[in-house]
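S.K.: Turn this into a model:
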Amino acid sequence: MMTGDRQQDTHAPAITSRRRVLAAAALAPALTAAGPTTAAARTAGMPGPGHRRRIKPVPTGLADWAAVAQELGRTGNMLRGTTYHTGFPRRDLHVVSDGVLVTPGLALGTHVAFVRYADGSTMLMGDVVVTERELQQVTDAWQAHGIEQTALHKHLLGQIPDIWWTHVHAHGHDAVALARGLRAGFDRTGTPPARPPGPPVPVDLDIPGMEAALGAKGSTEDGLYKVIFVRRETIADGHLILPPGLGSTSAFNFQPLGGGRAALSGDCAMLAGEIQNVLKALRRGGIKLVELHNHHLAEDPRLFFTHFWAVGDGVELARALRPAVDATDVVPSG
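M.R.: Numbering: from 1, shown residues only. Next up is the predicted model:
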């Protein structure tokens, strides 16, 4: 480059060339650091220079997703007027963790969500339960259909058999094609067909005491007690604004074990600055940490998630969770 400069401007003072060299050297580290990161961010869908305007989700109803339901082989439900949600509980699995027989509702529930946007496109997000034997062939099927994986981790400690959870993501203008690609992966698993909901199951827990301890009301479903908190911030995935609560919740599931005791499987959504306070609060409460990871690749603000596990008195578990909840910027869902 220096030789080229001299050939193009032989009359320029030598000090000018030296200044150019020094300026280029000063900029080189910044360009080296910024260049690959910026390219990677654009590849992952994160906004860069000249990025597209953020797009909001639009309200939809069950009728709008009839073809998706047919492709998935089961009917879902609407959440908050914008999110079409479908559950695929792994009732085929017999999983034991920490001496507890884990029910599908506690930690073995595959969940997928579809959202329509103002530009007519659809985003798919989900969290899928797979066995270790199923994982690679499921991955191959999704890759063949353009379904991306954004996380791979575990929710349980020392589980038998080995179970994995993988987050999936896709975006396009053909919602049925997205559902078809998702189904191609499910068909490589032992996920059982849908079945009608059974009668309500009593939950043997001190729910009023737990709600008082957590400062929030929950719900009962499939014999479990569940409490969900949502982030206060508006979260975007690339240029797509996520509906409140989608992919940004802290969720606590309690499975009754008798006598007011419960198995707790939980997940906290955190900003980077909240992580250490949350982890310390959980451990001070005797709660076991399982994973610290991401669920997304291109969200803003950046979110981290920690899965955790505990067994004990339901009210005491709720009381132990409260400092972790208070360390994050969340509000009760609903």
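S.K.: D300 contacts I235, correct?
M.R.: Yes. Counting by CB atoms under 8 Å, D300 does reach I235; the two are 7.3 Å apart. Where you see a C-beta, it was placed from the backbone N, CA and C, and this is true even at glycine.
S.K.: Pick out whichever of these two has more residues nearby.
M.R.: Comparing D300 with I235 by other CB atoms under 10 Å, the one with more neighbours is I235, at 23 against 17.
S.K.: ok, now which ones touch that one?
M.R.: I235 makes contacts with I241, L242, G247, S248, E299, D300, P301, L303, as judged by CB atoms under 8 Å, 6 or more residues apart in numbering.
S.K.: can you rerun that using 6 Å?
M.R.: L242, S248, E299 (CB atoms under 6 Å, 6 or more residues apart in numbering).
S.K.: do W165 as well
M.R.: By CB under 6 Å, 6+ apart, the contact set of W165 is D127, V129, H153, H155.
S.K.: who's the third one bridged to?
M.R.: With DSSP bridges applied, H153 shows beta-bridge pairing to W165.
S.K.: Do I have it right that it meets V290?
M.R.: No. Using CB atoms under 6 Å, H153 is not in contact with V290, being 8.4 Å away.
S.K.: any idea how far G245 is from R232?
M.R.: Taking CB to CB, to the nearest Å as the measure, R232 falls 11 Å from G245.
S.K.: circling back to that earlier point, narrow the contacts of I235 to those in strands?
M.R.: Residues from these lying in strands, with DSSP state E as the criterion: E299.
S.K.: From the contacts of I235, pick the one nearest L224.
M.R.: Of all those, S248 has the smallest distance to L224: 21.6 Å, by CB to CB.
S.K.: What is the neighbour count of that closest one?
M.R.: 24.
S.K.: Now do the same for V278: helix, strand or coil?
M.R.: What DSSP: H, G, I helix; E, B strand; the rest coil gives for V278 is helix.
S.K.: Report the contact partners of it.
M.R.: By CB under 6 Å, 6+ apart, the contact set of V278 is C268, M270, A324, A327.
S.K.: can those residues go into CSV with extra columns for secondary structure and pLDDT?
M.R.: Formatted as CSV, the contacts of V278 follow (DSSP: H, G, I helix; E, B strand; the rest coil; pLDDT from 0 to 100):
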residue, secondary structure, pLDDT
C268, strand, 97
M270, strand, 98
A324, helix, 98
A327, coil, 98
